[in-house]
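Asks: the following comprises the amino acid sequence and a computationally predicted model.
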Protein chains: 2
Amino acid sequence: MNNTSKEELILEAAMDEFIARGWSGARMQSIADRAGINKTLLHYYYRSKENLYEQIVRRTMEYFFGSIFRKISGIENFEEFLRTFINTLIDLSSDNPRLPMFIMQELSRGGEAVLAILNDVLSRNNPPVTVVMLRNITRAMDQGKIRKISPIQLIMTLLGSSLYFAMAEPIVMKIGGMNGFMEGFDRKSFLEERKKEIFELIYRGLENRVADHG
Amino acid sequence: MNNTSKEELILEAAMDEFIARGWSGARMQSIADRAGINKTLLHYYYRSKENLYEQIVRRTMEYFFGSIFRKISGIENFEEFLRTFINTLIDLSSDNPRLPMFIMQELSRGGEAVLAILNDVLSRNNPPVTVVMLRNITRAMDQGKIRKISPIQLIMTLLGSSLYFAMAEPIVMKIGGMNGFMEGFDRKSFLEERKKEIFELIYRGLENRVADHG
DNA sequence: AAAATGTTTGACCACATGGTTAAACATAAT
DNA sequence: ATTATGTTTAACCATGTGGTCAAACATTTT
């Protein structure tokens, strides 16, 4: 049980707390409890709530964007890119359901500091995820593999479709539970089905076929 | 300037504050300031923060689900249903960008009380929005207008695609601003374009055509 | 005019929370 | 052995926040 272990323990506890309750909801005492240590030690390692928070935000963004980057960079084939991107987003968000909302929420709320972190994190991947995505889409369009669309719109649709369920899962389950449909719901198989359905829907929707019916 | 007016002013102020900062971030003093009154009067009308919050949640949900219900109920044609649903979601969420996230966040966090409100709100529409949506989709499937898919998956995709941009707008703009693409961005036309692109993509993706290539 | 209701002022309280401090103890590094 | 570092205990402080109270003033209702 060396120092790194406790420092790491604290970070993980803080991550849980901040992601679950947000900046204003998070409690230093609660973080200490989760980490199994006391408040004094918390301040010993991380001077203030602000400081700790900043490190959590960085960590979270690195994890999120890093994961996506590692999975999609290097893929040349559009179909594979599409499938991988969707799968990665769904896996990421279903493993860490509060993560996407945390990132979005804190980026809306946060000031310069949070933006600087985002900037820093994104610029570490070369080329940045955003560029990789745009390239894949425009290339597929140029090659005539998909019809002409707005790349940014497609990216929005992909992100929304893939991330939404994890974000809305609590409410979906509640509404579903109330109305009765959703009995025998199996999360794992639902998510696998989701991957396929999104891919299928979007891939078909992008098909570049000459108007074949009116 | 009668009493109803002030009571209403407070509600609106509280709505802004709660939606912008969430439960733990919202401040009673700040609500009073926004409403242009003092804290005492705030407690005079709404006893406690909890109580005020509950009314805001109810109001918000009534507004959100009510708007959707009013727009889509009664529509028989699937294409029209699809288009209207997408348009409504985009208009609603772009007019009130924090609303969807507020609802989702507070429903994850909130206990029995919030769930009870949701239940109450949803049961006031007959048939509930959820049922209307499911019906439209299954009917279209039965009539062979669209291919066989999982209705719930489609609904998730529709919600995600349509709501996501408003939720992620701050981060999208920041990333977009950093990378340079997104110059001359016009929100209004982007949103109109978004409506069309989502509809087009999903409508094509749902088409029920016999395998015509492979 | 009188009563009821709306509204402000300003002081006040209890409590939670972020943060500090000093002293003692534990464990590892020199 | 001694020093440096990690860790706990427990008390403590300043501040912010939800909430209250009493008294006065304003406006509407009766």
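Replies: Yep, that arrived.
Asks: where is the longest helix in chain A?
Replies: helix A:151-179 (DSSP state H).
Asks: quick check: buried residues in that helix?
Replies: A:151-172, A:174-176, A:178 (16 or more other CB atoms under 10 Å in any protein chain shown). All C-beta atoms are positioned from the backbone trio N, CA, C, and that covers glycine.
Asks: how many other residues sit next to residue A:27?
Replies: Using other CB atoms under 10 Å in any protein chain shown, residue A:27 has 14 neighbouring residues.
Asks: measure it to residue A:146 for me?
Replies: Residue A:27 sits 49 Å away from residue A:146, going by CB to CB, to the nearest Å.
Asks: pLDDT below threshold where in chain A?
Replies: A:1-4, A:210-214 (pLDDT under 70).
Asks: quickly find the element holding the residue nearest the centre of it.
Replies: What sits nearest the mean C-alpha location of chain A, by CA atoms, centre = their mean, is residue A:100, with 4.4 Å. Per DSSP states H and E, residue A:100 falls inside helix A:99-109.
Asks: what helices or strands is that helix leaning on?
Replies: Secondary-structure packing of helix A:99-109 (3 or more CB pairs under 8 Å, 6 or more residues apart in numbering or on different chains; DSSP states H and E): helix A:3-25, helix A:49-72, helix A:78-95, helix A:112-124, helix A:151-179, helix B:99-109, helix B:151-179.
Asks: are the longest helix of chain A and chain B in contact anywhere?
Replies: Yes: Helix A:151-179 lies within reach of chain B by CB under 8 Å from any CB of the partner chain, at A:152-154, A:156-157, A:159-165, A:167-168, A:170-172, A:174-176, A:178-179.
Asks: if we can go back for a sec, for DNA strand C, which of the helices and strands packed on helix A:99-109 is the nearest?
Replies: helix A:49-72 (3.4 Å; CB to the nearest atom of the strand).
Asks: got the contact list for the closest one?
Replies: Contact with helix A:49-72 is made by A:10-11, A:14-15, A:18-19, A:23, A:26, A:28, A:31, A:42, A:46, A:81, A:84-85, A:88-89, A:92, A:99-100, A:102-103, A:106, A:110, A:113-114, A:117-118, A:120-122, A:124-125, A:129, A:132-133, A:136, as judged by CB atoms under 8 Å, 6 or more residues apart in numbering or on different chains.
Asks: wait, residue A:193 touches residue B:150, no?
Replies: Yes: using CB atoms under 8 Å, residue A:193 is in contact with residue B:150, at 6.4 Å.
Asks: mind listing the shared neighbours of the two?
Replies: With CB under 8 Å, 6+ apart, residue A:193 and residue B:150 have no common neighbours.
Asks: neighbours around the closest residue to residue A:98 other than its chain neighbours, how many?
Replies: Distances taken as CB to CB, 6 or more residues apart in numbering or on different chains place residue A:19 nearest to residue A:98, at 4.7 Å, with adjacent residues excluded. Close neighbours of residue A:19, defined as other CB under 10 Å, add up to 20.
Asks: OK, contacts around residue A:19?
Replies: Here residue A:19 is in contact with A:56, A:60, A:96, A:98-99, A:102 (CB under 8 Å, 6+ apart).
Asks: check the gap between it and residue A:46 for me.
Replies: Distance from residue A:19 to residue A:46, by CB to CB: 16 Å.
Asks: DNA strand C contacts on chain A?
Replies: Remark: the part of chain A in contact with DNA strand C comprises A:1-2, A:26-29, A:39-40, A:43, A:47-50, using CB under 7 Å from any atom of the strand.
Asks: these two touch, right, residue A:207 and residue B:204?
Replies: Yes: counting by CB under 8 Å, residue A:207 does reach residue B:204; the two are 7.1 Å apart.
Asks: neighbour count: those two, which is higher?
Replies: In this view residue A:207 and residue B:204 are compared by other CB under 10 Å, and residue B:204 has more residues nearby, 17 against 13.
Asks: how near is the more buried one to residue B:196?
Replies: Distance, residue B:204 to residue B:196, using CB to CB: 12 Å.
Asks: how is chain A carved up into domains?
Replies: Structural domains assigned to chain A are A:1-47, A:64-206, following automatic domain parsing.
Asks: and the last one, how far apart are its ends?
Replies: In domain A:64-206, first residue to last residue: 27 Å (CA to CA, to the nearest Å).
Asks: hang on, isn't residue A:169 packed against residue A:100?
Replies: No: using CB under 8 Å, residue A:169 is not in contact with residue A:100, being 11.4 Å away.
Asks: what residues does chain A put near DNA strand D?
Replies: A:1, A:3, A:5-7, A:36-41, A:44.
Asks: which of the residues you listed lies closest to residue A:142?
Replies: Within those, the smallest distance to residue A:142 is 49.2 Å, found for residue A:7 (CB to CB).
Asks: for that closest one, which non-adjacent residue is spatially closest?
Replies: residue A:45 (5.5 Å).
Asks: that neighbour and residue A:35: what is the separation?
Replies: Taken as CB to CB, the span from residue A:45 to residue A:35 is 10 Å.
Asks: swap in residue A:205?
Replies: 47 Å.
Asks: go on, residue A:57?
Replies: 18 Å.
Asks: and for residue A:85?
Replies: Relative to residue A:35, and taking CB to CB, residue A:85 is found at 35 Å.
Asks: now swap in residue A:201 and tell me
Replies: Residue A:201 sits 43 Å away from residue A:35, going by CB to CB.
Asks: number of nearby residues for residue A:69?
Replies: 20.
Asks: again with residue A:48
Replies: 11.
Asks: same check on residue A:43?
Replies: 15.
Asks: pull the contacting residues for it.
Replies: residue A:28.
Asks: secondary structure class for it?
Replies: Under DSSP: H, G, I helix; E, B strand; the rest coil, residue A:43 falls in the helix class.
Asks: any idea how far it lies from residue A:23?
Replies: 18 Å.
Asks: what does residue A:197 give?
Replies: Relative to residue A:23, and taking CB to CB, residue A:197 is found at 35 Å.
Asks: ok, the nearest residue to residue A:10 once chain neighbours are set aside - contacts?
Replies: Spatial nearest neighbour of residue A:10, excluding adjacent residues (CB to CB, 6+ apart): residue A:35 at 4.7 Å. Contacts for residue A:35 were tallied using CB under 8 Å, 6+ apart; they are A:6, A:9-10, A:12-14, A:42.
Asks: next one: residue A:159
Replies: A:89, B:164, B:168.
Asks: name the nearest residue to the first one, sequence neighbours excluded.
Replies: Spatial nearest neighbour of residue A:89, chain neighbours left out: residue A:162 (3.6 Å); criterion: CB to CB, 6+ apart.
Asks: and the one you found, what does it touch?
Replies: Residue A:162 is in contact with A:85-86, A:89-90, A:93, A:198, B:160, counting by CB under 8 Å, 6+ apart.
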